[in-house]
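> Let me see the structure of the following:
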Amino acid sequence: LFLFPQDNYVLLKRIEKQAEFLTTDNLGNSYLIKNHEIFKYLSSGKFQYTFSDLSYGDITFVDAFNPMKILVFYQDFSRIVFLDNTLSENWETIELQDLGLELASAVCASYDNGMWVYEPVRFELIRFDQELEVNQDIKNVQQLTGEVIQANFMTERGDWLFLNDPEKGIFVFDIFGTYFKKIPLIGLDEFQVFGETIYYFKDGKLQSYHLKKLEEKQISLPVQNARMVRMEKDRLMALKEKEFWLFEVK
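Next comes the predicted model:
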């Protein structure tokens, strides 16, 4: 659980690097994504590995919460690959059209090496296990929620799955597919969930939202003009236009 004190950051590394987006794993490692490439940096800021494959097109999304099996989604090609901790492909590529899900808009990793896929045309939310057997199949999310959901991002944390529609908010399901509630946070591209708190970066500000208290707070940042900010353990990562900044939180 994060408790970020105000103005108590120590700069560990500033790296000249241009990237479209940033993600992190639960060990505090960072992954910078640019077009078809992924660059991995340790929690110290040291560069470690790179992944590149032109044949798959540009990368849409990376879920690196499990650093031993990183999910990489190529929406234009309806394709998912998994990378190990050295950014090497050690599993078969998943062609979503073979699963009848060629129009999937959001995917994420799940417990026990599974994955979730959201198909917005049929409003279908499906969980596959590591053998690609259907484990949960919510066939009409629209009927459950009463809303047409165009999801751009989702993440599983603990016993909950968070499905994001930037125009409507965050829809919360349990890992068995039971709909729970909608969180009224609008205009988000992505977010992180730690315990009972959602952390999100919007309009140049890092903010938190407590799921039970329904309280929003703004968190001070040690860098200005960031395009994206993430947190893991005692690290804060900020992506600027042509730089990557890594801070220790004291």
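
> if I pick the most centrally placed residue in the chain, what's in contact with it?
Central residue of the chain (CA atoms, centre = their mean): D63, 5.2 Å from the mean position. D63 makes contact with 23, 70-71, 73, 107-109, 155, according to CB atoms under 8 Å, 6 or more residues apart in numbering. Placement of C-beta: from N, CA and C, glycine included.

> That one and L71: what is the separation?
For D63, the distance to L71 equals 4 Å [CB to CB, to the nearest Å].

> which residues are common contacts for these two?
Taking CB under 8 Å, 6+ apart as the criterion, D63 and L71 both touch 107-109.

> From those residues, list just the buried residues.
107-109 (16 or more other CB atoms under 10 Å).

> In strands only, show me those.
107-109 (DSSP state E).

> Closest one to F128 out of those, please.
Nearest to F128 among those: V107, at 9.9 Å, using CB to CB.

> For the closest one, name its beta-bridge partners.
V117 (DSSP bridges).

> Surely it and E119 touch.
No - contact criterion CB atoms under 8 Å: V107 and E119 do not qualify, at 10.1 Å.

> contacts for the strand or helix carrying F82?
Element membership of F82, judged by DSSP states H and E, is strand 79-83. For strand 79-83, contacts defined as CB under 8 Å, 6+ apart pick out 38, 51, 53, 56, 69-74, 89-91, 93-96, 107, 115.

> and these, which are buried?
Using 16+ other CB under 10 Å as the burial test, the contacts of strand 79-83 include 38, 51, 56, 69-74, 94, 96, 107, 115 as buried.
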